[in-house]
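Novice: Predicted model follows, preceded by the sequence.
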Amino acid sequence: MTDTEWQAIAPLLPWPTWLDGNGGRPEEYCRRLVIDAICYVADNGNKWRNLPVEYGIHWKTLHATFTRWSRDGFTLALHNDPREKVREAEGRDREPSAAVIDSQSIRAAETVGADSRGWDAGKKVGGRKRHVIVDTIGMVLVVLVTAANVQDRDGARPALELLRDLYERVFLVWADGGYAGPAVGEPRPAGQRSALELGATREEILVRSLSGRRS
């Protein structure tokens, strides 16, 4: 990790509560070293227990730290804060109001369980499918992984529900013809988040909130 990357990441880490006298012990390992070790596992697709001994951190300790930080919102902040800064630099609002959804089937390793992979007959690929939603400048908003045999419109339902939970300003989502089909969701009682409807007859499909356009 470069010094510039660390300067961007460090402020997003959860505040050590022991510094405020709220109990707990000082952290045993340098936070930058912990982040480097986590990045190694993520970048190489390793099992946690295969963490190289050169890092000097037991893999159980690293996994527990990552789990705790994720629970405290670090991974979400690490994803959202840089994206919001990029959007501002582009002269846009921090939160998007429109998005694009698409999917990609990829081969799965032999270690992937048979219950979580399938055969995409259209792409002739056996494995998993990732349903990705990005904003209009290509910044990732949501990623959902399913078996490859899951139809695009069926994978869109949970992906779009997650999109609405995380980004309430999004009122418009564009998709290709693979998403044509029944409504993604049904109207909900007043006061609750509305489901998302997916349906149009053109190549580009308008996905809109049943409660109407948001500002």
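Specialist: That came in fine, so what should we check first?
Novice: The chain: helices as residue ranges?
Specialist: 3-9, 31-44, 59-71, 74-89, 152-166 (DSSP state H).
Novice: will you turn the ones you listed into JSON lines that also has distance to Ala108 and mean pLDDT?
Specialist: (Glycine included, C-beta is placed from N, CA and C.) Listed next are those as JSON lines, based on distance: least, CB to CB, whole Å; pLDDT from 0 to 100:
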{"stretch": "helix 3-9", "distance to Ala108": "30", "mean pLDDT": "91"}
{"stretch": "helix 31-44", "distance to Ala108": "17", "mean pLDDT": "93"}
{"stretch": "helix 59-71", "distance to Ala108": "23", "mean pLDDT": "93"}
{"stretch": "helix 74-89", "distance to Ala108": "23", "mean pLDDT": "91"}
{"stretch": "helix 152-166", "distance to Ala108": "16", "mean pLDDT": "88"}
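Novice: Buried deepest among those, which one?
Specialist: Compared across the helices of the chain, helix 152-166 shows the largest average neighbour count, a mean of 19 (mean count of other CB atoms under 10 Å).
Novice: what about that one, distance to the chain center?
Specialist: Distance, stretch centre to chain centre, for helix 152-166: 12 Å (CA atoms, centre = their mean, to the nearest Å).
Novice: burial measure for Asp72, as a count.
Specialist: Using other CB atoms under 10 Å, the number of residues around Asp72 comes to 14.
Novice: actually Arg128, not the one I typed
Specialist: Neighbours of Arg128 using other CB under 10 Å come to 22.
Novice: and it, what is it in contact with?
Specialist: By CB atoms under 8 Å, 6 or more residues apart in numbering, the contact set of Arg128 is 105-106, 108, 112, 116-117, 145-148.
Novice: Using pLDDT, spot the least trustworthy of these.
Specialist: Ranked by pLDDT, the contacts of Arg128 bottom out at Val112, which scores 76.
Novice: so it makes contact with Gly126?
Specialist: No. If you go by CB atoms under 8 Å, Val112 and Gly126 don't touch, sitting 10.2 Å apart.
Novice: These two: who's more crowded?
Specialist: Gly126 (17 against 13).
Novice: list the contacts for the nearest residue to that one once chain neighbours are set aside?
Specialist: In space, and not counting its chain neighbours, Gly126 is closest to Trp119: 4.9 Å by CB to CB, 6 or more residues apart in numbering. Taking CB under 8 Å, 6+ apart as the criterion, Trp119 is in contact with 125-126, 148-149.
Novice: out of these, which is most surrounded?
Specialist: Result: Ala148 is most packed of those (other CB under 10 Å), 25 neighbours.
Novice: quick one on the thing from earlier: out of the contacts of Trp119, which is nearest to Leu172?
Specialist: Using CB to CB, Ala148 is the member of the contacts of Trp119 that lies nearest Leu172, at 27.8 Å.
Novice: wait, what's in contact with that closest one?
Specialist: 105-106, 108, 117-120, 123, 125-129.
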